[in-house]
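> fold the following, please.
(one chain, ligands or ions: 2)
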Amino acid sequence: MIITLNSPLDMHLHLRDDEMLKVVAPLSAKTFAGGIIMPNLVPPVTTLKALKEYKQRILDTIDDENFDPLMTLFFKNDYSYEFLKEAKEYIGAIKLYPSGITTNSQGGVSSLDIASLKETFEAMSELEIPLCVHGETNGFVMDREAEFGDVYESFATHFPKLKIIMEHITTKHSVSLLEKYDNLYATITLHHLYITLDDVAGGMLNPHLFCKPIAKRPEDKEALLKAALSAHPKVMFGSDSAPHPTHKKECCGCAAGVFTAPIALQALTQLFEEHNALDNLQAFVSDNAQRIYNYKPLEKKVTLEKISYLVPQTYSNITPMFASEELKWSVKSVL
Ligand code: NCD
Ligand code: ZN
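Ligands and ions are numbered 1, 2, ... in the order given. Prediction:
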């Protein structure tokens, strides 16, 4: 059995910097045609100079491989209309993090008051710059995303022209918000389609599956699966592939993030096949994102075949999801 995917896109990707960038960027560039690159470096990407330099460092690591990094700025509520107007041609979106909510988000917003965000959100609406949001409060860990639902509803109502992307949704409730507001969209990761909290902490603790937002209940996973497998027109694949060195995962004080980029297409194909939904995979991994972002990707044809693939134990010093396990599909060719 064989399936060909056209221009797969990863609409939420952490490529990091320096040595780690050199390891992970070529792995994404191998099978994806492009993606939305997260700005949570240290320090975060908040100027056009930093953004252009970071983009160049990404391109330098992938040589002649055709991968289009769609850059993002780290949201600040003091970005002026003039700055955003100039930024627009260099960015795919702007990413908002509540302060301190996840890895390298210390400089995020400390208030979600509409008044403090209004000017920037209005400029973004007018300039048609999408807003990507890490939607978690600092409440009880299992309730953080649901609690943030009110913020999404308030953003969506106050700024009806702003395209708001609920990043890496993990709950049934977030899926339901898609139906309620025209301007709400979502990305869904690979790992949240495969796991629940049980896989992280129900038996022996698995630090490689620990991430923000934490995986939730079986009924939440079912709702995400339903949306992804039916290629709900408002959802896109975004891996949230978030590499950390193995020693920062297998320790006390484990960093949050699951590294999935190099095995994402193989594992998604397996999942969609198991649910008789292979016909919808193209929309989930590319077509929906193209429409939502109004984006024409580089051409890339990725053919997968149903031959088992042994996931490496590590990529350099990073442990991937499914390390040393067999997936049912492998990449046959990339043209
Ligand atoms: C991400 C990271 O490590 O940068 N971690 C994660 O658990 N997903 C940040 C993020 O997207 O929350
Ligand atoms: Zn992320």
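
> who's in contact with residue 24?
15, 16, 241, 243, 259, 261, 315, 318 (C-beta atoms under 8 Å, 6 or more residues apart in numbering). C-beta: built from backbone N, CA, C; applies to glycine.

> the third one - nearest residue in space that isn't next to it in sequence?
Right, the one you point to is residue 241. residue 261 (3.8 Å; C-beta to C-beta, 6 or more residues apart in numbering).

> before we move on, the earlier item: residue 164: which of the contacts of residue 24 is nearest?
Set against residue 164, the nearest of these by C-beta to C-beta is residue 241 (22.2 Å).

> what's the neighbour count on that closest one?
30 (other C-beta atoms under 10 Å).

> just list whatever residues bridge to it.
As for beta bridges, residue 241 partners with residue 13, residue 258 under DSSP bridges.

> look up which helix or strand the residue lying closest to residue 233 once chain neighbours are set aside falls in, please.
Spatial nearest neighbour of residue 233, chain neighbours left out: residue 288 (6.0 Å); criterion: C-beta to C-beta, 6+ apart. Secondary-structure assignment from DSSP states H and E places residue 288 in helix 288-293.

> other residues contacting that helix?
7, 9, 11, 70, 92-93, 130, 163, 165, 185, 231-237, 295-297.

> after that helix, next one along is what?
strand 301-305.

> what pairs with the very next helix or strand once past that next one, parallel or antiparallel?
Later in the chain than strand 301-305, the nearest helix or strand by DSSP H and E is strand 309-310. Partners of strand 309-310 in the sheet, by DSSP bridges, are strand 326-327 (antiparallel).

> so how far is the strand it pairs with from its chain's centroid?
23 Å (C-alpha atoms, centre = their mean, to the nearest Å).

> show me what contacts residue 307?
Residue 307 touches 329, 330, 332, counting by C-beta under 8 Å, 6+ apart.

> change it to 10 Å
Counting by C-beta atoms under 10 Å, 6 or more residues apart in numbering, residue 307 touches 1, 2, 327, 328, 329, 330, 331, 332.

> residue boundaries of the strands in the protein?
With DSSP state E as the criterion, the chain has strands at 2-6, 9-13, 34-37, 68-74, 93-96, 131-133, 164-166, 184-188, 235-237, 301-305, 309-310, 326-327, 330-334.

> from the contact counts, what lies against the last one?
Right, the one you point to is strand 330-334. With contacts taken as 3 or more C-beta pairs under 10 Å, 6 or more residues apart in numbering; DSSP states H and E, strand 330-334 sits against strand 2-6, helix 18-31, helix 264-274, strand 301-305, strand 309-310.

> ok, which of these comes nearest residue 81?
So among those, helix 18-31 is nearest, using C-beta to C-beta, at 31.8 Å.

> list the buried residues in that closest one.
Residues 20, 21, 22, 23, 24, 25, 26, 27, 28, 29, 30, 31 are the ones in helix 18-31 that count as buried (16 or more other C-beta atoms under 10 Å).

> likewise stretch 218-226?
Buried residues in stretch 218-226 (16+ other C-beta under 10 Å): 220, 221, 223, 224, 225.

> show me which residues of this structure sit near ligand 1.
Where the chain comes near ligand 1, counting by C-beta under 6 Å from any ligand atom, the residues are 14, 40, 102, 103, 134, 211, 212, 240, 242, 256, 257.

> between these, which has the most around it?
Of the residues of the chain next to ligand 1, with other C-beta under 10 Å as the count, residue 240 tops at 28 neighbours.

> surely it touches residue 192?
Yes - shown here, residue 240 and residue 192 form a contact pair, counting by C-beta atoms under 10 Å, at 8.4 Å.

> identify the contacts common to those two.
Joint contacts of residue 240 and residue 192 (C-beta under 10 Å, 6+ apart) are 168, 211, 213, 258.

> quick revisit: tabulate the contacts of residue 24 (JSON lines), appending pLDDT.
Putting these into JSON lines (pLDDT from 0 to 100) gives the following:
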{"residue": "15", "pLDDT": "98"}
{"residue": "16", "pLDDT": "98"}
{"residue": "241", "pLDDT": "99"}
{"residue": "243", "pLDDT": "98"}
{"residue": "259", "pLDDT": "99"}
{"residue": "261", "pLDDT": "98"}
{"residue": "315", "pLDDT": "98"}
{"residue": "318", "pLDDT": "99"}
